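Peer 1: need coordinates for the below:
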Amino acid sequence: MGPILPLEAIIGVVRAYYVFATFFIVVLVTVPYLRRTLLAYGKATADRSPPKHFSLEQITVRKSWFWHFYALGLPWTCTLLFLYLKPESGFVTREAFDRSGSGRGQVGAGYVQPPIETVLALAMMVAQTGRRLYENFYVHVPSEATMHVAHYVHGLAYYFLTPIAVGIEGWRRAERSLGWTDLRFRHVCGIALFAYGWYEQHLAHVALADLRIPGKKKGTATSTTISTRNVYAQPKARWFKHVSSPHYFFEMVIYLSFCVLTGFENLTSALVFGYVVISLGIEADQSWRWYKAKFADEVPRNWKRFIPFVL
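Peer 2: Next up is the predicted model:
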């Protein structure tokens, strides 16, 4: 009996998706109409006038639907973690390991991610999607802002494929025993970097929410009025003093931690990180330009777009 899912084919498809997505977003930036239509969302679309005739810009959904991404990503990542720890579940059969590994205890060729790295990566992804789902209900302030339906579909694909990407190369190994003796210095560094990025991104999201409604208490975001929801201001708390989008920067730090965790040997995770750097760098630039246009007198002189003190 062969594997229920062709492991190497899955790895190839996931890698191809992130290569294509990275290339596609770079192309979009070079075409002003597509950049304005497909990339801009949230506050960047708040001041748009309704088009007189039908256009691609009208095919939108509410930005508040972001919670769908995490509602998909959280249970899916938990499912993958369970399946990995229970190889007898049949996701990839024991017979497949024995036949394809030729006694070497692995399926296919190439880098084999150790069990501890696979489990830690999936656990980190659970923590990230779980926190983001929480924030969407208890921190973020809903607005009437929109995003293009293509952005929405990509978000769903991203949170379906990324949990696979950070752990799929660990499925090559048949032996999945775990122990504290497997812990390495790079694992500690990866976890620490993730925890710091995770915490700082949360604080940045809280700062943005508090800015929209001064004095807002957690859990009251959904009770605000439409007129209040659509108010924007210049953020100045913590890392916002140095960079326009610290929440994007710390998102990058979070995905960098997955690469550190695996010693930069997991090509699939590296491709995810490359996509995150390019896409969030572009979004950070758009956000910086929007703040510059709206709050020119309040923007610090050396305010960076994406990476504090650097870029």
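Peer 1: state the mean pLDDT of stretch 189-208.
Peer 2: Averaged across stretch 189-208, the pLDDT comes to 96.
Peer 1: in that stretch, what counts as buried?
Peer 2: 190-191, 193-194, 197-198, 200-202, 204-208 (16 or more other Cβ atoms under 10 Å). Heads up, the C-betas are built off the backbone N, CA and C, glycines and all.
Peer 1: please apply the same query to stretch 16-33.
Peer 2: So stretch 16-33, judged by 16+ other Cβ under 10 Å, has buried residues 17-18, 21-22, 25, 28-29.
Peer 1: what is the rounded mean pLDDT of stretch 123-140?
Peer 2: 95.
Peer 1: may I have it exported as PDB, CA atoms only?
Peer 2: Extracted in PDB, the C-alpha atoms of stretch 123-140 (Å, rounded to 0.1, in the frame of the first residue of the first chain):
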ATOM      1  CA  ALA A 123       3.000  24.500  17.900                       C
ATOM      2  CA  MET A 124       4.300  28.000  17.000                       C
ATOM      3  CA  MET A 125       1.800  28.200  14.100                       C
ATOM      4  CA  VAL A 126      -1.000  27.200  16.500                       C
ATOM      5  CA  ALA A 127       0.000  30.000  18.900                       C
ATOM      6  CA  GLN A 128       0.100  32.500  16.000                       C
ATOM      7  CA  THR A 129      -3.200  31.700  14.400                       C
ATOM      8  CA  GLY A 130      -4.800  31.300  17.800                       C
ATOM      9  CA  ARG A 131      -3.700  34.800  18.900                       C
ATOM     10  CA  ARG A 132      -4.700  36.400  15.700                       C
ATOM     11  CA  LEU A 133      -8.200  34.800  15.900                       C
ATOM     12  CA  TYR A 134      -8.500  36.200  19.500                       C
ATOM     13  CA  GLU A 135      -7.400  39.600  18.400                       C
ATOM     14  CA  ASN A 136     -10.000  39.700  15.600                       C
ATOM     15  CA  PHE A 137     -12.800  39.300  18.100                       C
ATOM     16  CA  TYR A 138     -11.400  41.100  21.200                       C
ATOM     17  CA  VAL A 139      -8.800  43.600  20.100                       C
ATOM     18  CA  HIS A 140      -9.400  44.900  16.600                       C
END
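Peer 1: need the contact partners of it.
Peer 2: 64, 66-67, 69-71, 73-74, 77-78, 81, 159, 162-163, 166-167, 191, 194, 198, 202, 205-206, 209, 218-219, 221-222, 254, 257-258, 261 (Cβ atoms under 8 Å, 6 or more residues apart in numbering).
Peer 1: show me which residues of it are buried.
Peer 2: 123-129, 131-136, 139-140.
Peer 1: now, which of those lie within strands?
Peer 2: Counting by DSSP state E, no part of those is found in strands.
Peer 1: tell me the two of these that are most distant?
Peer 2: Greatest spatial distance among those (Cβ to Cβ): 123 and 140, at 24.2 Å.
Peer 1: could I get the full set of strands for the protein?
Peer 2: 60-62, 146-148.
Peer 1: of all these, which one is nearest residue 183?
Peer 2: Once those are compared by Cβ to Cβ, strand 146-148 is nearest, at 40.3 Å.
Peer 1: show me what that closest one pairs with in its sheet, parallel or antiparallel.
Peer 2: Strand 146-148 sits in its sheet next to strand 60-62 (antiparallel), going by DSSP bridges.
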